[in-house]
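[1] Quick check, what structure comes out for this input:
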Amino acid sequence: MWHDPEVTSTPAEAQHLRDLARLRRVRDRIDREYAQPLDVEALARGAHMSAGHLSREFRQAYGESPYSYLMTRRIERAMALLRRGDLTVTEVCFAVGCSSLGTFSTRFRELVGIPPSAFRDQALLGTAGMPACVAKQVTRPIRNQEAPVRTTQLA
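    All right, here's what the predicted structure looks like:
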């Protein structure tokens, strides 16, 4: 059944549509400003919501918290910078907006499955000669700690 967004059946439905629009603006801001110092409180202020309400609504709408979404964006950009090979891991960490190398490395490993330094080394070898758009797709991070567990097989 199709509903015109301008004509809602209840005030609650109208509020829900306004909240979804605000959540899209928050997500778009994260996508644009991932390298800036963003935190949930600042994002919530910009959306005229409390931090708790923003976190709950964002998780319900997008399946992860605003912080997790922000870190995923940062790690995706870090992967692109590491693939280039001209920056150190520390330089990449700060370039994508992280202020702690330890937090960056931990989150990178959770999403990608290997430390950033190992990714950089592998990316330089594994994507040599590959178009950047293809390299980006095949090395895309996995959200919500779903990186495959690497096991060694004994022959």
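
[2] Mean confidence (pLDDT) on the longest helix along the chain, please.
    Longest helix in the chain, counting residues (DSSP state H): helix 11-33. Average pLDDT, helix 11-33: 91.

[3] could you point out which element follows that helix?
    Counting by DSSP states H and E, the next helix or strand C-terminal to helix 11-33 is helix 40-47.

[4] what's that next one packed up against?
    Applying 3 or more C-beta pairs under 8 Å, 6 or more residues apart in numbering; DSSP states H and E, we find helix 40-47 packed against helix 11-33, helix 51-62, helix 66-84. C-beta: built from backbone N, CA, C; applies to glycine.

[5] Domain map for the protein?
    What automatic domain parsing lists as the domains of the chain is 11-67, 71-138.

[6] Tell me how far the first one lies from the chain's centre.
    Centre-to-centre, domain 11-67 and its host chain are 14 Å apart (C-alpha atoms, centre = their mean, to the nearest Å).

[7] quick revisit: Serialize the helices and strands packed on helix 40-47 to JSON lines and add fields for distance to Ala95 and mean neighbour count.
    Shown next, in JSON lines, are the helices and strands packed on helix 40-47 (distance: least, C-beta to C-beta, whole Å; neighbours: other C-beta atoms under 10 Å):
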{"stretch": "helix 11-33", "distance to Ala95": "14", "mean neighbour count": "14"}
{"stretch": "helix 51-62", "distance to Ala95": "25", "mean neighbour count": "16"}
{"stretch": "helix 66-84", "distance to Ala95": "6", "mean neighbour count": "21"}
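
[8] Kindly reformat those as a markdown table containing distance to Arg120.
    Listed next are the helices and strands packed on helix 40-47 as a markdown table, based on distance: least, C-beta to C-beta, whole Å:
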| stretch | distance to Arg120 |
| --- | --- |
| helix 11-33 | 24 |
| helix 51-62 | 29 |
| helix 66-84 | 4 |
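
[9] residue contacts, Tyr34?
    Contact analysis of Tyr34 by C-beta atoms under 8 Å, 6 or more residues apart in numbering lists 70, 73-74, 77, 96-97.
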